[in-house]
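Visitor: below is the sequence, then the predicted model.
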Amino acid sequence: MAKKSYRQAINEAIAQEMRRDENVLVWGEDNVGGAGGDGEQDAWGGVLGVTKGLYPEFGSERVLDTPISESAFIGAAVGAAATGLRPVAELMFVDFMGVCFDQIFNQAAKFRYMFGGNAVTPIVVRTMYGGGFRAASQHSQCLYPMFTHVPGLKVVVPSSPYEAKGLMIQAIRDDDPVMFFEHKVMYDDEEEVPDDPYTIPFGEANLTREGDDVTIVAFGRMVGFANQAADTLDKEGISCTVLDPRTTSPFDTETILECVEETGRLVIVDEANPRCSMASDVSGLVAQEAFKALKAPIRMVTPPHTPVPFAPELEDAYLPNADKIVAAVRTAMA
Amino acid sequence: MAKKSYRQAINEAIAQEMRRDENVLVWGEDNVGGAGGDGEQDAWGGVLGVTKGLYPEFGSERVLDTPISESAFIGAAVGAAATGLRPVAELMFVDFMGVCFDQIFNQAAKFRYMFGGNAVTPIVVRTMYGGGFRAASQHSQCLYPMFTHVPGLKVVVPSSPYEAKGLMIQAIRDDDPVMFFEHKVMYDDEEEVPDDPYTIPFGEANLTREGDDVTIVAFGRMVGFANQAADTLDKEGISCTVLDPRTTSPFDTETILECVEETGRLVIVDEANPRCSMASDVSGLVAQEAFKALKAPIRMVTPPHTPVPFAPELEDAYLPNADKIVAAVRTAMA
Amino acid sequence: MQFNRDDLIKAYRGMRTIRDFEERVHEEFSAGKIPGFVHLYAGEEASAVGICWHLDNRDKIASTHRGHGHCIAKGVDVKGMMKEIYGRRDGLCGGKGGSMHIADLSKGMMGANGIVGGGPPLICGAAMTAKYKKTGGVAVAFVGDGGSNQGTTLESYNLANVWKLPVIFVVEDNGYAEATSAKWSVAGSQLDRAKGFGMPGVEVDGHDFFAVHDAAQEAIDRARNGDGPSLMHVRLNRFFGHFEGDAMTYRGEGEIQRVRDEQDSLKIFRTRVTEMALLDHEQLDAVDTEVAHLIDEAVSESESAPPPTEADLQTDVYVAY
Amino acid sequence: MQFNRDDLIKAYRGMRTIRDFEERVHEEFSAGKIPGFVHLYAGEEASAVGICWHLDNRDKIASTHRGHGHCIAKGVDVKGMMKEIYGRRDGLCGGKGGSMHIADLSKGMMGANGIVGGGPPLICGAAMTAKYKKTGGVAVAFVGDGGSNQGTTLESYNLANVWKLPVIFVVEDNGYAEATSAKWSVAGSQLDRAKGFGMPGVEVDGHDFFAVHDAAQEAIDRARNGDGPSLMHVRLNRFFGHFEGDAMTYRGEGEIQRVRDEQDSLKIFRTRVTEMALLDHEQLDAVDTEVAHLIDEAVSESESAPPPTEADLQTDVYVAY
Ligand SMILES: Cc1ncc(C[n+]2csc(CCOP(=O)(O)OP(=O)(O)O)c2C)c(N)n1
Ligand SMILES: Cc1ncc(C[n+]2csc(CCOP(=O)(O)OP(=O)(O)O)c2C)c(N)n1
Ligand SMILES: [Mg+2]
Ligand SMILES: [Mg+2]
């Protein structure tokens, strides 16, 4: 089994699905890169190269650039999905949701319900999220809590290359609209990823580590930090369960509740802003459903209620990291 | 003191602030109603009549209709606010946020931070929310959790005419961007409202009722239901504290924690969808900060994770009401 | 083109069905029998019928909040629509959608839309499906004069042209967006905008079925032939308020009466075909009777149809969750 | 108009400052000293300088992700900018914004913008403030060719016209949006679009300071006189990649070299004013030296300036909370 990057894993998943199903099309700003120009076509393959190579293989009918008009081309993906295609559309940065959110949350998400079950809208919206790139307030947000709030959407937050491939294939085969969150800092992360296609089901959390004392629930890039923190804590004799829910919607409440029943302590690590977030969502779940098992207050590790700052010193202070998780676990144990 | 409706209270607050400060301008779709046509001007005064009468008094320089282009005119309000006006702009239904959210969450909300404290953006966005009008999935949503998630925004959810007037005057005088949520079903609700201008500070919860057994935190229209429920429960010997936080951002965590310390039980009533909501937000707060005081699992009363249905029978089943609150309190007491 | 007698009857029946449907919904709404926000299409019938005349099930349309006419013209079941507007369990959308969300994808009707400007992006996608799958289908986005100012609509003009999609953008200009006059809210002109985005545009009298029909033919043929999108600016009037309950004081003195007298597409059609001796009044009256009966049935069946139950509340959110 | 010698020097200095600033940021970025996403304006100088020439502090501009040139032309402090790009505590935005969010409201510079199409709505608001307060001010929205397809931009065209606002929309068309060719992505034309929304438009060679200056004069006078918005389509080129790190393989063979040789606004300016014997090379060289010194200082001060500290993280979110 070869090592592949998060970028490669996603690219491979899309390519394999495109080979399998001719109804899978890909579009977004510069997803080819160079359309209609005098230079190289496929010059970019997406701003960070995730779709590179799809155009040469699948051609201009299936891999398309778009003008800058997110409402129109994300909406077009929704309309195409409702009429028989399975588009994988790219919202370059999730921060740009503000110019096209309607097509996602009022159209794609609600068709099936509003139309009484008579619509199927199998769109995947790929989007970059997260901090650490020094990309400042409008290119570093997480925002998946907003999408998780919306009934009708599925929300995927893969934490590693292996996860990304399996979840992307599932996303493309899934019949509901899926928001697929790719952490921009993880594109070069590598791990072993099978060459053959495989799916990872939605709504099944991944136990990346089992322990007795504390359950850590972490999302996306935070899963890696949680595991690092668990290593450190292990040396202090604190044994952690680390849970990667993989998808925030659907959400594997069962596994979380089971783990909390066992450990009695909970730390949640969410890179999104703290208010009405997954950190609070998980807290609410546990405070309602596993209250009696709790031995200590729930701890949340999140950024503060501020936009994402530019300066590296500030952004580092802003983001959760392994040290902050370690500190939170110690508090939970105290 | 005269009885005034929620609609009148908001209208009066705006009119009084317009008299006080010539920099307050009002605009939105049909906020005059009839602009440029051959018939009556001020024919509508907003789709449900909230701004009616402002145009005759303040004229076409200060009260404006807009073309249907929410990004442009909400954005114009943001730009006007950043250059010295205090616009009160209307996003007719909050469900339309999807076509203009960028100007709110990436521009207005972030200017001050991104610009290092060198911007002041005193915009008020008035918007209708909530169910009960048989207005179906795209005209009945709450969505305030999404705005609450965003650092830089203030979010106001007034629960009665008195509250609406004082909070609107505060919103207009406030130097930060404010989202002002008006529940469409409450416009005809009446109560005594002082004629003179007054402000209600943000971030100070209102204790509408004090009790010993359970704290009920409720938002907007749900406050009335919570008080009804408390009446019923009183007869059963269950005594409730009912808290109206008034603003979800800033948020009066202190009062909530104090009440929970006293009662040891918490029920949260939120008309918004359940995931990453204010219901989960308050749960998270309490599970982290007042955990030891809790004698029972937290209970949340919210709609299910579905869009808002059209048929009256379904919408009634969907929405929280006094009976559902009573049931949740009983469970919390059991 | 020259219509045969059956065609003429069919066209008239389409318009009459819409008119009667809307007049009846107006009555029932006023009587308190229909809940929610309801926007009536009466007065605009020739547009929907003249355009959808050329469409079959391969072809898709995206509609607006004022969607009943488009649905009927596209062949959506009238009784299923009425039941939906009443919020009944066997309404087209199970009572979950209501007037603003009627859809029938099997008929190529992609939904009314509660969001002004919601349809044009969707229709670009439907057109992409047709183009990619080479179905020969076209896609029609209806927007109002108000919706023609929405960014989503304008972006779609560009995307449809850049991607050379088989789209027809139909701006149904009834002179108002709610209470706002189109003369005031639409800077420039619809046809100049079409040109601005590199596509042909045509203005047409929306009270004249034949004019709409012919203009649509050209636009739709162009799209079907792979020559890309175009725009129709259809001028017409609505007979009722923006939504039910609107007193319409923003309209000029006597405007409604004038419109009803002089710009009633059904009257105009009737006069034309009878003067040309293509049909006689009796034939048209027979259609009126037939349609009146259908609408009566639709209403009485809707009144007695059962509402959804609480068990329906949480179904249809996802295909699988 | 006829420029006096000081004017010519001032124009040249403006363009030279932008050029040097950008070339230096390019170098320092390549050396790993500058973090984040950086988009350089080199090659487009004549546009910013020619337009902002006519503006004072009453007048507002809204910029794009490619904002350095607009800032400098609008009189924003060059050292404060450089420090901001370095993420320093005494940068213009305290290090919180960086290259994509430089703003100086006191100078009427309402911000670079990370969102394509973010600026035009804002500028409508700034224009409304000027109009309502009768300051005599105008408001300029810069967008790229790519940004000219964004719905927010197109909506703003309409709003500015309907409200008769003193706005100038400047489409800086450098032929590319990232890697996408404007020839492909912009259906129709910028001038036809202006007409579509009922406003005058003018196309201008964006490498020619004098041409830009004159066209801007007319548009800005019109706005100041209360005659409403207009659009300038400025054709120009960027010398560097879309952002720092872009290899530009999407550009045609030799394109960059050709552009640098033939369409360098600084060279064109220098040739023009020396051939007309308005200035001599020494005078221009002196400006070069002066500017080089300024940029050197800006960089060395930025390098040694302290970064923000953790205590700064949670300030400046609200005026009061
Ligand atoms: C994004 C959005 N903004 C505003 C509204 C409220 N609204 C519903 S219909 C309407 C007027 C639409 O006018 P037009 O497009 O001319 O269509 P008409 O009603 O005349 O058929 C408005 C403003 C909405 N539904 N969606
Ligand atoms: C809403 C939004 N979509 C996409 C982007 C990503 N993006 C940044 S700059 C750019 C290209 C802009 O092209 P153009 O407007 O021509 O400006 P130029 O870069 O050529 O100056 C894109 C797609 C963005 N920042 N915002
Ligand atoms: Mg209209
Ligand atoms: Mg460009």
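Guide: Perfect, I can see it now. Ligands and ions are numbered 1, 2, ... in the order given.
Visitor: just checking, C:Ala216 touches C:His54?
Guide: Yes. With contact defined as CB atoms under 8 Å, C:Ala216 reaches C:His54; the gap is 5.7 Å. C-betas here are computed from N, CA, C, even on glycine.
Visitor: which one's more surrounded, those two?
Guide: C:Ala216 (24 against 18; other CB atoms under 10 Å in any protein chain shown).
Visitor: do you know how far that one is from chain A?
Guide: 21 Å (CB to the nearest CB, to the nearest Å).
Visitor: and if you look at C:Lys195?
Guide: From C:Lys195 over to chain A the distance is 18 Å, taken as CB to the nearest CB.
Visitor: for C:Thr129, same thing?
Guide: Taking CB to the nearest CB, one finds C:Thr129 at 4 Å from chain A.
Visitor: isn't that residue up against A:Gly84?
Guide: Yes. Contact criterion CB under 8 Å: C:Thr129 and A:Gly84 qualify, at 5.3 Å.
Visitor: more neighbours, those two?
Guide: The residue with more neighbours, out of C:Thr129 and A:Gly84, is C:Thr129; 23 against 16, by other CB under 10 Å.
Visitor: check contacts around A:Pro309.
Guide: Shown in contact with A:Pro309 (CB atoms under 8 Å, 6 or more residues apart in numbering or on different chains): A:136-137, A:315, A:318, B:113, D:95-96, D:308, D:313.
Visitor: I meant to write C:Ile295 there.
Guide: C:17, C:20-21, C:24, C:78, C:82.
Visitor: what about it, which helix or strand?
Guide: helix C:281-304 (DSSP states H and E).
Visitor: centroid-nearest residue for chain C?
Guide: For chain C, the residue nearest the mean C-alpha position is C:His70 (2.7 Å; CA atoms, centre = their mean).
Visitor: which pLDDT value goes with that one?
Guide: Per-residue confidence (pLDDT) for C:His70: 98.
Visitor: skipping adjacent residues, who's closest to it in space?
Guide: Closest residue to C:His70 apart from its sequence neighbours, by CB to CB, 6 or more residues apart in numbering or on different chains: C:Ser63 at 4.1 Å.
Visitor: neighbours of the one you found, just the number please.
Guide: Neighbour count of C:Ser63, defined by other CB under 10 Å: 29.
Visitor: just the pLDDT for it.
Guide: C:Ser63 is given a pLDDT of 98.
Visitor: ditto for the one 10 residues further on
Guide: The per-residue pLDDT reported for C:Ala73 equals 98.
Visitor: who touches the residue of chain A found nearest chain D in this structure?
Guide: As assessed by CB to the nearest CB, chain D sits closest to A:Gly36 within chain A, at 2.4 Å. By CB under 8 Å, 6+ apart, A:Gly36 lies in contact with A:65, D:180-181, D:183-185.
Visitor: so where does the residue lying closest to A:Met333 once chain neighbours are set aside fall, helix or strand?
Guide: Excluding the flanking residues, the one nearest A:Met333 by CB to CB, 6+ apart is A:Ile238, at 5.9 Å. Assigned by DSSP H and E, A:Ile238 falls within no helix or strand.
Visitor: how close does A:Ile238 get to A:Asp323?
Guide: Separation of A:Ile238 from A:Asp323 (CB to CB, to the nearest Å): 14 Å.
Visitor: which one of these two has more residues nearby?
Guide: The residue with more neighbours, out of A:Ile238 and A:Asp323, is A:Ile238; 20 against 12, by other CB under 10 Å.
Visitor: wait, isn't C:Val116 in contact with C:Phe142?
Guide: No. Between C:Val116 and C:Phe142 there is no contact under CB under 8 Å: 11.5 Å.
Visitor: check which helices and strands the lengthiest helix in chain C is in contact with.
Guide: Secondary structure of chain C per DSSP state H: the longest helix is helix C:5-30. The contact analysis (3 or more CB pairs under 8 Å, 6 or more residues apart in numbering or on different chains; DSSP states H and E) places helix C:5-30 against helix C:45-52, helix C:68-73, helix C:78-85, helix C:209-224, helix C:265-275, helix C:281-304.
Visitor: dump those to a markdown table, plus distance to A:Val260.
Guide: Listed next are the helices and strands packed on helix C:5-30 as a markdown table, based on distance: least, CB to CB, whole Å:
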| stretch | distance to A:Val260 |
| --- | --- |
| helix C:45-52 | 57 |
| helix C:68-73 | 50 |
| helix C:78-85 | 44 |
| helix C:209-224 | 58 |
| helix C:265-275 | 66 |
| helix C:281-304 | 50 |
